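Asks: fold the following.
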Amino acid sequence: MRVYTGILASVVALAAASAARANMLTNGGLEASISPTQPDNLIYMSTTVNSTALPGWSITSGSVDVVPTTYFQSSQGGYAVDLVGTPGVGVLSQTVTTISGNHYQLTFDYSINPENLTGEAGDTKQVKITATGSGVLATQNYSYPFATPTATNMHYVTGATFLFTANSTSTTISLTALLSNLPTGITSLTAYCGPVIDNLDLISLGGNPPPDGGAIPEPASLGTLAMGGLLLLRRKRGGRAAK
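Replies: Numbers count the residues shown, from 1 in each chain. Sure thing, here's the model as predicted:
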C-alpha cells in the first residue's frame with residue numbers, strides 16, 4: 001500500500017509540475033495567422049489594420065511589424081515581431097488567467113532590427129515588459145548587449161527572464177519598445193526599426209517559492225521518481241513469487 005501511495009503521489013506531483021511548466025501564453029511563438037501581403041513581405045499590424053494577425057495577442061497602441069524569417073531571422077518558428085511598425089511604436093498585449101499570490105516567470109528572446117532605415121542604426125532600442133493586474137505588478141527594460149545583428153544572424157538574446165507576483169485572477173503582459181538617440185527629425189511616431197521579440201514562454205512558479213527563486217521540480221526528475229516506485233513494486237512482487 002505504501003508503494004502504491006508513493007507512486008500516486010509521484011504521478012500527481014508530475015502532473016502538477018507539467019501543468020506549471022506549460023506555456024500559459026497563446027501563441028508564444030508569435031506566429032502569424034495570415035500571409036504577408038505588403039510589397040516588402042512584412043505584415044503591418046495596428047489597432048485597425050491586421051489587428052488579429054497574431055492569435056492570442058492584441059495591439060493596444062500604435063503599430064508593429066510581424067516579420068517572416070525570410071526577411072530576417074527569427075529565433076524560432078516562421079515569424080518574429082518588430083515592436084516598431086511601419087512606422088511607429090506599438091504595444092502588444094495578452095491577458096492570462098492567474099492566481100493571486102502565485103509567482104510567474106516570463107522568458108523570451110530578443111534582438112534589434114538590423115536595418116538602417118532613416119539612419120536609425122545608432123539609436124538605443126530597449127524592450128519594455130510590463131505585468132498589470134490590480135495595478136502595475138512589475139516592469140523592466142531590457143537593453144540589447146551584443147554586436148550589430150544581420151538579417152541572417154540576428155544574435156538573439158535567448159531566455160531573458162521577467163518575474164512577477166499576481167494579485168488578481170487575470171494579468172496582462174505588455175511588450176513595447178523604448179527608443180532614444182533617434183536621428184534628427186525622427187520620433188517614436190516616425191521610426192521604423194525597433195527591438196525584435198520572439199519565443200515567449202510564461203510559466204507558473206506556484207505560491208511561496210523557496211529561497212532558490214521558486215524553482216519547482218522538473219518533470220523529468222519527477223518521472224524518474226515515479227519509475228523508481230514502479231521498479232520497487234516489481235521487485236516486491238518478484239520476491240513474493242519466489243517464496
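
Asks: C193 is in contact with G122, isn't it?
Replies: No: applying C-beta atoms under 8 Å as the test, C193 and G122 come out as separate, 10.7 Å apart. Any C-beta I mention is one placed from the backbone N, CA and C, and that applies to glycine too.

Asks: what segments of the protein are helices?
Replies: 2-21, 219-242 (DSSP state H).

Asks: the protein: strands as residue ranges?
Replies: Along the chain, counting by DSSP state E, strands occupy 43-46, 58-61, 63-68, 79-82, 84-85, 88-89, 91-97, 102-112, 124-133, 135-143, 157-165, 170-180, 195-207.

Asks: C193 and G122: which has the busier surroundings?
Replies: Shown here are C193 and G122; by other C-beta atoms under 10 Å, C193 has more neighbours (25 against 10).

Asks: distance of the closest residue to the more buried one other than its chain neighbours from V84?
Replies: The spatial neighbour of C193 that comes closest, neighbours along the chain excluded (C-beta to C-beta, 6 or more residues apart in numbering), is N113 at 3.8 Å. Remark: distance between N113 and V84 (C-beta to C-beta, to the nearest Å) = 7 Å.

Asks: where do the contact lists of those two overlap?
Replies: 125, 192-195 (C-beta atoms under 8 Å, 6 or more residues apart in numbering).

Asks: now rank the residues you listed by neighbours and give me the top one.
Replies: For those, neighbours tallied by other C-beta under 10 Å; top is G194, 29 neighbours.

Asks: quick one, phi/psi of that residue?
Replies: G194 adopts backbone torsions of phi -130, psi -170, taken as degrees, to the nearest 10.

Asks: what's the distance between the residue at minimal distance from the centre of the chain and Y110?
Replies: The centroid of the chain falls nearest to L200 when counting by C-alpha atoms, centre = their mean (1.6 Å). Using C-beta to C-beta, one gets 10 Å for the distance from L200 to Y110.

Asks: same question for G28.
Replies: 13 Å.

Asks: give me the more crowded residue out of these two.
Replies: With neighbours defined as other C-beta under 10 Å, G28 and Y110 compare such that Y110 has more, 27 against 21.

Asks: what score does the more buried one have for pLDDT?
Replies: For Y110, the model assigns a pLDDT of 97.

Asks: hmm, it is touching F146, no?
Replies: No: Y110 is beyond contact range of F146, at 10.4 Å (criterion: C-beta under 8 Å).

Asks: what touches both of those two?
Replies: Counting by C-beta under 8 Å, 6+ apart, the residues touching both Y110 and F146 are V157.

Asks: about what we covered before: next, the contact list for the residue nearest to C193, please.
Replies: Counted by C-beta under 8 Å, 6+ apart, N113 has contacts 72, 82, 84, 120, 125, 192-196.

Asks: hmm, back to that, tell me which of the shared contacts of N113 and V84 is nearest to G90?
Replies: Distance to G90 across the shared contacts of N113 and V84 (C-beta to C-beta) is lowest for G194, with 8.6 Å.

Asks: tell me who's in contact with the closest one.
Replies: 82-84, 89, 112-113, 125, 177, 179.

Asks: now swap in I197 and tell me
Replies: 30, 80-81, 83, 92, 108-110, 127, 175.

Asks: which strand residues bridge it?
Replies: Taking DSSP bridges as the rule, I197 bridges to V81, Y110.

Asks: ok, it to N141 distance?
Replies: 13 Å.

Asks: okay, and the common contacts of those two?
Replies: Each of V127 lies in contact with both I197 and N141 under the rule C-beta under 8 Å, 6+ apart.
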